[in-house]
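1. Generate a structure from the sequence data that follows.
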Amino acid sequence: MTTETHEDFAEPILPGRGASDYERYLRTDELLALQKTPEEQTHPDELLFQTVHQSSELWLKLATSEVERATGHVRDGEVSAALRLLRRASLCLQFVTRQLDMLEQMSPWEYQSVRRVLGHGSGFDSPGFREVRRVTPPLGQAFDAALRGAGLDVVELYVRGREHEELYQLAEALVDWDERITMWRIRHYKVVARIIGDQVVGTQGTPVEVLGKMIHHNFFPALWRARNQLTSRANEEDA
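-> Numbers count the residues shown, from 1 in each chain. Predicted structure coming up:
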């Protein structure tokens with residue numbers, strides 16, 4: 001005679017804090033304790049402000065991790081694997097950019113109460129943004145090496161794209177990533193301008209107009225110049 005035992009799926013089996021395995025795996029106790037309590041807040045919108053920025057740092061952590069992994073794949077000649085990761089990374093930046101819509105739900109006057117408790121806190125100190133600046137140049141270097149290995153420059157890659165489909169798709173993935181960074185910067189600048197103004201000094205003593213100048217920076221200038229070169233080449237051939 002056998003005795004059946006039934007596992008109680010309501011009971012957690014993972015180690016850690018939390019009443020369920022969901023809470024223990026995601027560490028929700030710690031995660032949800034990272035925001036100020038109502039008693040600690042100088043204004044209720046601090047929860048909105050912290051939620052947007054903390055979640056942005058998580059998306060940026062994932063994005064830059066994927067870019068770094070993709071760079072390794074490009075160096076190893078595994079372009080297809082790199083493309084999948086770069087698509088993920090670009091999606092992360094889309095999410096971060098869209099989240100900024102939430103900040104525009106704050107009153108420009110009421111935000112001043114939040115601003116007073118930020119100290120010298122500034123988006124320039126974002127760990128995620130620092131990681132974007134760190135991991136992006138090596139990706140460009142890996143792409144350049146792959147181009148040289150194929151005996152191509154950027155313009156020839158686009159002209160002969162059908163012969164080098166994977167490299168062409170990789171070039172476009174780099175443009176996507178670069179463009180998403182720029183769109184994020186533009187959106188951030190406009191949100192800041194809408195909330196505190198565009199002719200004022202930020203919390204770290206930096207004029208807001210500096211943010212506006214940053215939107216013109218490209219991490220992969222050769223890929224953007226190629227568009228001008230291709231148009232000039234086409235015009236010459238049509239002449």
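
2. So for stretch 14-26, mean pLDDT?
-> The average pLDDT within stretch 14-26 is 94.

3. What is the end-to-end distance of it?
-> 11 Å (CA to CA, to the nearest Å).

4. Stretch 10-25 now?
-> Stretch 10-25 end-to-end distance (CA to CA) = 15 Å.

5. Now do the buried residues in that stretch.
-> Neighbour-count burial for stretch 10-25 flags 12, 18, 23-24 (criterion: 16 or more other CB atoms under 10 Å). The C-beta positions use only the backbone N, C-alpha and C, and glycine is treated the same way.

6. Ignoring the adjacent residues along the chain, who's closest to the most centrally placed residue in the chain?
-> By CA atoms, centre = their mean, the chain has its centre lying nearest to L93, at 3.6 Å. Distances taken as CB to CB, 6 or more residues apart in numbering place R180 nearest to L93, at 3.8 Å, with adjacent residues excluded.

7. quick one, phi psi at the one you found?
-> Note on R180: backbone dihedrals following degrees, to the nearest 10 are phi -60, psi -40.

8. Give the rounded mean pLDDT of the helix or strand that contains L62.
-> Counting by DSSP states H and E, the element that carries L62 is helix 45-75. Mean per-residue pLDDT for helix 45-75: 98.

9. Heading C-terminal from the lowest-mean-pLDDT helix or strand in the chain, find the next helix or strand.
-> Every helix and strand in the chain was compared by mean pLDDT, DSSP states H and E; the lowest is helix 209-214, with a mean of 68. Later in the chain than helix 209-214, the nearest helix or strand by DSSP H and E is helix 221-238.

10. Just the buried positions in that following helix, please.
-> Buried, per 16+ other CB under 10 Å, within helix 221-238: 222-223, 226.

11. and these as JSON lines, adding pLDDT?
-> Formatted as JSON lines, the buried residues of helix 221-238 follow (pLDDT from 0 to 100):
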{"residue": "A222", "pLDDT": "97"}
{"residue": "L223", "pLDDT": "98"}
{"residue": "A226", "pLDDT": "97"}
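
12. what would these look like in JSON lines with distance to G140?
-> Converted to JSON lines, the buried residues of helix 221-238 look like this (distance: CB to CB, whole Å):
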{"residue": "A222", "distance to G140": "8"}
{"residue": "L223", "distance to G140": "8"}
{"residue": "A226", "distance to G140": "13"}
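
13. which one of the residues you listed is nearest A171?
-> L223 (6.1 Å; CB to CB).

14. Could you look up the SS state of the residue nearest to that closest one when sequence neighbours are not counted?
-> Take L223 and drop its neighbours on the chain: the residue closest to it by CB to CB, 6+ apart is V175, 5.3 Å away. Following DSSP: H, G, I helix; E, B strand; the rest coil, V175 is assigned to helix.

15. mind checking how far V175 is from G18?
-> 43 Å (CB to CB, to the nearest Å).

16. Sketch out the low-pLDDT regions of the protein for me.
-> For the chain, the stretches flagged by pLDDT under 70 are 1-6, 201-212.

17. just the strands in it please.
-> Using DSSP state E, no strands are found in the chain.

18. related to what we said a few turns ago, any chance of JSON lines for the buried residues of stretch 10-25, columns distance to A70?
-> JSON lines is the format used below for the buried residues of stretch 10-25 (distance: CB to CB, whole Å):
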{"residue": "P12", "distance to A70": "35"}
{"residue": "G18", "distance to A70": "33"}
{"residue": "E23", "distance to A70": "32"}
{"residue": "R24", "distance to A70": "31"}
